[in-house]
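Peer 1: using only what follows, build the 3D model:
(2 chains)
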Amino acid sequence: MRYLRLIATYLRLSILNEMQYRANFVLQMFSSLLSLGIGLAGLALVFLHTDSLSGWGALELLVVVGVHTLIGGIVGSIIQPNMQQIAEGVGDGTLDYTLTKPEDSQLLVSITRFEIWKLANVLIGLAVIAYAVIELGENIGLAEAVTFGIVLLSGGLVFYSFWLAIATTSFWVVRTWAMFEMFQNLYQSGRWPVGIYPAWLRLGLTFIVPIAFAVTVPAEALTNRLTLQTMLLALGVTAAAMIAARKFWHYGLKNYSGASA
Amino acid sequence: MRYFFTVLIAGFKAHIIGAFQYRVQEGMALIGLLVEALIYLVVWTTVAKEQGGEVGGFTVGEFAGYFIAWMFVRNITTGWSPWAMEWQIRRGDFNALLLRPIHPIVTATSDMLASKTVAMITVVPSMIVLALIFQPEFELIPWSLLALIPALVLAFMLRYTLMYVLALTAFWTTRVTALFELYFAIEFFFSGRIAPLSVLPEWAQQVAGYLPFQWMFYFPLELLLGRSTPQQAASGFVFQLAWLIVTVVLLRVVWRGAVRQYGAVGG
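Peer 2: Next comes the predicted model:
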């Protein structure tokens, strides 16, 4: 309960801060819609020549694009700003202010900065998913919706753990932004279901950079292809990733002497 | 003239050393290039396989060849991003370059030659690895490869001039990012970056004919793969030169306007 209040306070501060730059919303919306347009035109081009791509139909791939946009929005608005803040905080010493506060350090560093305009991608992603699911006309009942919610949340958490682990390395490595940038590049591959990639790449996109769990698995839940095994694997990997990331964060903290010490 | 080359070579050396210092940055650029090529290679070879082996005049192996050669041509034809240019103008770094007793274009050229040389050290081995995995099909035709050299130079110059024009719009508006994004979206489809132009629908191929983008990318790429006839190559050079003249004239007009605009703000 107290944690929720804490999150709400920080979120309010971020919103107040970003409200100063309202024109950015229009620009962000333009940029998000443009990037969606590129994705859709790419899909249209592929489906001009074929009816299915590795067993995925056009509308089903539209679900993948929607989930990709949605998760991209969550990363851009919540995960990335905070994790970049950690790296910057180690660089200029401001992390020390956060660490001296009497609350859980991992929670604090994860909620200090939100870029709310990037949530435009979440809205657009949801709209695309809704459209594709309705057009598909498949039986998406409460059970499927709940499953989708669970695997989507689990995918978000797996990404969060991945980013936290990268941000933690900034206690030792200076140029973490390079790794953030690499993530952005690799994330582009999630616009297509990981099943189309050759096995070695699929493994990398599943266990090294968990794009499969964050994008493909939630999309599978909405297109009637999610098996129980995959779902359990996704949840297991998420739990393991969260524990590992937290342990790593504490290990990093123990080795961190602070900027002023 | 000798002075010019001394400066060019000195700048080249300095930049090579600098590039090795920022290995990480260069590595990231390579990964970006590699991932994009790989995504579309996989997508299009999958489509070709499901359509019985051929789509838009490309077989599975030819698609693989297209996107492997894609990396090479893209590395050569991309130059300075308008973002960097805009940044230099806005921060005033450009003033320092103007004060040197040598034209900024010389510094820019030596920087670019150096970073392309460094990039090739990583791009070429990546291409070999991809070739071993995906079994590309292509034909190395001597005359075509010879024609590739001027085609790449012209493609680079064309794109570079266009980027410069785009960057200069920073003098009029501070919201250039949206404009740049729109430009890159259009270029993405009509230059052959997402797929060979022969895969695009009929109307889009016609639109591409009226735009300069294929001459900055698709044309040299086809030459490298030995897919052009001598007639196509000849007309390609005419188009490249014609578009280059158009963009250079455009650059001069925009530059004059930009300087006037700048004076108005500063005065």
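
Peer 1: the lengthiest helix in chain B packs against which elements?
Peer 2: In chain B, assigned by DSSP state H, the helix with the most residues is helix B:230-266. Applying 3 or more Cβ pairs under 8 Å, 6 or more residues apart in numbering or on different chains; DSSP states H and E, one finds that helix B:230-266 contacts helix B:142-168, helix B:218-224. (C-beta placed from N, C-alpha, C; glycine too.)

Peer 1: the shortest one - what's its average pLDDT?
Peer 2: Which is helix B:218-224. Regarding helix B:218-224, the rounded mean pLDDT is 96.

Peer 1: ditto for the first one
Peer 2: Per-residue pLDDT values across helix B:142-168 average out to 91.

Peer 1: what comes up buried for that helix?
Peer 2: By 16 or more other Cβ atoms under 10 Å in any protein chain shown, the buried positions in helix B:142-168 come out as B:144, B:147-148, B:151-152, B:154-168.

Peer 1: how much space between the residue nearest to the spatial centre of chain A and chain B?
Peer 2: Centroid-nearest residue in chain A, with Cα atoms, centre = their mean: residue A:75, separated by 3.8 Å. With distances taken as Cβ to the nearest Cβ, to the nearest Å, residue A:75 is found 17 Å from chain B.

Peer 1: before we move on, what about residue A:25?
Peer 2: 13 Å.

Peer 1: let me know whether residue B:71 touches residue B:123 as I believe.
Peer 2: Yes: the criterion here is Cβ atoms under 8 Å, and residue B:71 meets it with residue B:123 at 5.7 Å.

Peer 1: any chance you could list residues touching both of these two?
Peer 2: Among the neighbours of residue B:71, those also in contact with residue B:123 (Cβ atoms under 8 Å, 6 or more residues apart in numbering or on different chains) are residue B:33.

Peer 1: just give the nearest non-adjacent residue to residue A:201, would you?
Peer 2: Nearest residue to residue A:201 in three dimensions, chain neighbours excluded: residue B:38, at 7.3 Å (Cβ to Cβ, 6 or more residues apart in numbering or on different chains).

Peer 1: give the contact list for that neighbour.
Peer 2: Residue B:38 neighbours (Cβ under 8 Å, 6+ apart): A:189, A:201, B:67, B:130.

Peer 1: and which of those is nearest residue B:236?
Peer 2: residue B:67 (20.7 Å; Cβ to Cβ).

Peer 1: that closest one belongs to a helix?
Peer 2: Yes: the assignment for residue B:67 is a helix, going by DSSP: H, G, I helix; E, B strand; the rest coil.

Peer 1: so who does it touch?
Peer 2: Neighbours of residue B:67 in contact, by Cβ under 8 Å, 6+ apart: B:37, B:38, B:40, B:41, B:44.

Peer 1: one more time with 10 Å
Peer 2: B:36-45, B:74, B:127, B:130, B:134, B:136, B:193, B:195-196, B:221 (Cβ atoms under 10 Å, 6 or more residues apart in numbering or on different chains).

Peer 1: from residue A:256, how far out is it?
Peer 2: 44 Å (Cβ to Cβ, to the nearest Å).

Peer 1: burial count for residue B:234?
Peer 2: Neighbour count for residue B:234, taken as other Cβ atoms under 10 Å in any protein chain shown: 11.

Peer 1: from chain A, how far out is it?
Peer 2: 30 Å.

Peer 1: so that residue sits right up against residue B:219, yeah?
Peer 2: No: Residue B:234 lies out of contact with residue B:219 (Cβ atoms under 10 Å); the separation is 11.5 Å.

Peer 1: overlap in contacts of those two?
Peer 2: B:147, B:228.

Peer 1: how deep is residue A:55 tucked in, by neighbour count?
Peer 2: Count around residue A:55 with other Cβ under 10 Å applied: 11.

Peer 1: count of neighbours near the residue lying closest to it once chain neighbours are set aside?
Peer 2: With sequence-adjacent residues excluded and distances taken as Cβ to Cβ, 6+ apart, residue A:55 is closest to residue A:195, at 7.6 Å. Residue A:195 has 15 neighbouring residues, counting by other Cβ under 10 Å.

Peer 1: returning to what we had before: not counting residues beside it along the chain, what's closest to the residue nearest to the centre of chain A?
Peer 2: Spatial nearest neighbour of residue A:75, excluding adjacent residues (Cβ to Cβ, 6+ apart): residue A:159 at 6.1 Å.

Peer 1: how near is residue A:91 to residue A:99?
Peer 2: Where residue A:99 is concerned, residue A:91 sits at a distance of 15 Å (Cβ to Cβ).

Peer 1: quick one: contacts for residue B:195?
Peer 2: Per Cβ under 10 Å, 6+ apart, neighbours of residue B:195: A:42, A:45-46, A:49, B:40, B:43-44, B:47, B:55-56, B:58, B:63, B:66-67, B:189.

Peer 1: how close does residue A:81 sit to chain B?
Peer 2: Taking Cβ to the nearest Cβ, one finds residue A:81 at 18 Å from chain B.

Peer 1: actually residue A:79, not the one I wrote
Peer 2: Using Cβ to the nearest Cβ, residue A:79 is found at 19 Å from chain B.
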